[in-house]
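> here is a sequence with its predicted model. Questions after.
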Amino acid sequence: MSWETVIGLEVHVQVNTNTKAFCGCSTSFGAEPNTQTCPVCLGMPGQLPVLNMEVARKTALTGLAINATINLESKFDRKNYFYPDLPKGYQISQFSIPIVEHGYLDIPVADGEKRIGVTRIHIEEDAGKSMHEGLEGVSHIDLNRSGVPLMEIVSEPDMRSADEAVAYLKQLHQLVRFLDVSGADMEKGQFRCDANVSVRRPGEPFGTRAELKNLNSFRFIKQAIEYEVARQIELIEDGGSVVQETRLYDSTKGESRSMRGKEEAHDYRYFPDPDLPPLRISQQEVDGIKAGMPELPGQLRARFESEFGLSSYDADVLSQTRELAGWYEALVAAHPADPKRCANWMANELLGRLKEQGSDIVDSPVSPQQLAGLLDRIADNTISGKIAKDVLDAMMQGEGDADTVIEARGLKQVTDTGSIDAIILQVMAANPEHVEGFRSGKDKLFGFFVGQVMKASKGQASPGLVNERLKELLKG
């Protein structure tokens, strides 16, 4: 009998606020260790936390975007455990009543879409960071992250493969960035995943799960889950049994290792935080958050396909971020005659060049209006598409807009029939054997003549006119 994989994900997303969840310390990344702390986030006696309400607003916004229920009253609990990077000896979290419950995300799969349930989203604070690199026999602790606001987004165990898990994470990653609730920079620890993985025979109850901790890249998440699935299947088929535990994935060795036994809720001795009152949000506030929600990625993709006639691939590429989508719509506004050409040039030419430079669309040296000007010159046959790529290169180097580059470099397309005929006749005179071959039925030689004419014109002859005149003149 075959095996079935069962995966549930817990994703920790840093909420992009200026200050921490329960104090006024900065959340900026990269500061000197232990310089962004205060008595509250260090857990000093008698210091009282106060909730940053922007965290609640952005968590509620995320809940609305996944069609979840927003609890108008939720509460905070203390999750008790001892670890060196947790100065209070407990973590403020939400256990019994989270702010968000019962939502879902639709993910792309081979035969369409699959709905993945989201059990809950709760607010909690991050711990500090243990530092091991370059140290022998000791660890250092940086508490700058201690108290940084997180959303923990907990899925149902609805995923059945590593590919589905990655698809879910990519949808979620895109969503939180699109909503501007998180930068979700995985290298900075702003988007981290714990994967609960088990296997079973189809139709059987869920098997014992192992938790893979702190996975922070889509590639490693896929590798870790696939390794863990293979490990569990081999273990069971050899007569062993899976132990409920937490495991760490070593991306260098491509394997996971046991970290500790998996805790249950009672191990954390949750109890209501006595220093924080219940979090109450009015329905009016929820309605206001919903009214201000931006167009979501799925809605944007569908609109780009229907309104602009884009392929599903191009629509997906151009709706990855709000910045990309806004840039594309500004480009279409400046060159409304051909939205598909706009998409092709933006997705393939402009984004390709930006990627080579290690830049993003917000750093583009070419504006939407400038790219539209280049597309105008293609449309009116001032330049060919091939020359336009050279013009774009020059624009990327700061040589000015399309008209300036075309004029400075003398790149205007030759559209005069007499001039093109003269070039064609020169090429024919230089290649009489190929002329004879074409006239005797070797049609493939037509491409040779096109290439030679374009070369002789330094690429400036109108390709359409070259084809038209060649057909006429080669007849003899």
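Happy to help now that I have it. Just so it is clear, the model here is predicted, and its values are computed rather than measured.

> mind listing the helices for the stretch 301-450 of the chain?
312-318, 322-334, 339-344, 351-357, 368-379, 385-396, 402-409, 417-430, 432-439, 445-456 (DSSP state H, counting those that start in this stretch).

> closest one to Gly239 among the ones you listed?
Closest to Gly239 of the helices of the stretch 301-450 of the chain, according to CB to CB: helix 312-318, at 46.2 Å. Quick note: C-beta positions are derived from backbone N, CA and C, even for glycine.

> could I get the average pLDDT for that closest one?
Taken as a whole, helix 312-318 has an average pLDDT of 92.

> any stretches of this structure with poor pLDDT?
1, 261-266, 413-415, 476 (pLDDT under 70).

> longest strand in it, please.
strand 112-125 (DSSP state E).

> in that one, what counts as buried?
114, 116-125 (16 or more other CB atoms under 10 Å).

> send the alpha carbons of that strand over as PDB?
Extracted in PDB, the C-alpha atoms of strand 112-125 (Å, rounded to 0.1, in the frame of the first residue of the first chain):
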ATOM      1  CA  GLY A 112      -6.700  23.600 -10.400                       C
ATOM      2  CA  GLU A 113      -7.000  24.900  -6.800                       C
ATOM      3  CA  LYS A 114      -7.000  23.400  -3.400                       C
ATOM      4  CA  ARG A 115      -8.400  25.000  -0.200                       C
ATOM      5  CA  ILE A 116      -6.100  24.900   2.800                       C
ATOM      6  CA  GLY A 117      -7.800  25.700   6.100                       C
ATOM      7  CA  VAL A 118      -6.300  28.200   8.500                       C
ATOM      8  CA  THR A 119      -7.100  27.300  12.100                       C
ATOM      9  CA  ARG A 120      -6.100  30.500  13.800                       C
ATOM     10  CA  ILE A 121      -3.900  33.600  13.800                       C
ATOM     11  CA  HIS A 122      -2.700  34.800  17.200                       C
ATOM     12  CA  ILE A 123      -0.600  37.600  18.300                       C
ATOM     13  CA  GLU A 124       2.600  36.900  20.300                       C
ATOM     14  CA  GLU A 125       6.000  38.400  21.000                       C
END
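
> who are the packing partners of that strand?
helix 53-65, strand 90-93, strand 100-109, strand 149-155, helix 162-178 (3 or more CB pairs under 8 Å, 6 or more residues apart in numbering; DSSP states H and E).

> which of those is buried the deepest?
strand 149-155 (a mean of 24; mean count of other CB atoms under 10 Å).

> and that one, what does it pack against?
strand 4-14, helix 53-65, strand 112-125.

> quick one: which of the ones you listed is nearest Arg192?
Evaluated with CB to CB, these place strand 4-14 nearest to Arg192, the distance being 4.6 Å.

> ok now stretch 339-352, how far from the chain's centre?
Distance of stretch 339-352 from its chain centroid, counting by CA atoms, centre = their mean, to the nearest Å, is 19 Å.

> buried sites along that stretch?
Residues of stretch 339-352 classed as buried by neighbour count (16+ other CB under 10 Å): 339, 341-347, 349-351.

> so how far does that stretch reach from one end to the other?
19 Å (CA to CA, to the nearest Å).

> need the contact partners of that stretch.
Contacts with stretch 339-352, where a contact means CB atoms under 8 Å, 6 or more residues apart in numbering, come from 307-310, 314, 317-318, 327-328, 331-332, 335, 361, 364, 366, 371-372, 374-375, 378-379, 389, 392.

> hmm, back to that, ok, of the buried residues of stretch 339-352, which one's closest to Asp85?
Distances from Asp85 to these, taken by CB to CB, are shortest for Leu351, at 39.3 Å.

> so how far is Leu318 from that closest one?
As for Leu351, its distance to Leu318 is 9 Å (criterion: CB to CB, to the nearest Å).

> follow-up on the earlier one: looking at the helices and strands packed on strand 112-125, spot the one closest to Val199.
Per CB to CB, nearest to Val199 of these: helix 162-178, 12.4 Å.

> could I get the helices of the stretch 301-450 of the chain as TSV with distance to Lys188?
As requested, the helices of the stretch 301-450 of the chain are exported to TSV (distance: least, CB to CB, whole Å):
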stretch	distance to Lys188
helix 312-318	24
helix 322-334	19
helix 339-344	31
helix 351-357	20
helix 368-379	29
helix 385-396	28
helix 402-409	38
helix 417-430	57
helix 432-439	61
helix 445-456	49
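
> looking at those, spot the one closest to Glu255.
Using CB to CB, the helices of the stretch 301-450 of the chain put helix 351-357 closest to Glu255, at 32.3 Å.

> buried stuff in that closest one?
Result for helix 351-357 [16+ other CB under 10 Å]: buried residues 351, 353-354.

> out of the helices and strands packed on strand 149-155, which gets nearest to Pro157?
Nearest to Pro157, of the helices and strands packed on strand 149-155 and by CB to CB, is strand 4-14 at 3.8 Å.

> can you name every helix or strand that the closest one contacts?
Applying 3+ CB pairs under 8 Å, 6+ apart, one finds that strand 4-14 contacts strand 149-155, helix 162-178, strand 191-200, helix 218-237.

> compute the inter-axis angle for it and strand 112-125.
Relative orientation of strand 4-14 versus strand 112-125 (axes from the mean of the first three to the mean of the last three CA atoms, to 10 degrees): 40 degrees.

> Thr208 contacts Gly240, doesn't it?
No. Using CB atoms under 8 Å, Thr208 is not in contact with Gly240; the gap is 11.2 Å.

> more neighbours, these two?
Thr208 (15 against 10; other CB atoms under 10 Å).

> next, Ala127: secondary structure please.
Secondary structure state of Ala127, per DSSP: H, G, I helix; E, B strand; the rest coil, is coil.

> tell me the contacts of it?
Taking CB under 8 Å, 6+ apart as the criterion, Ala127 is in contact with 83, 85-86, 91, 145-146.
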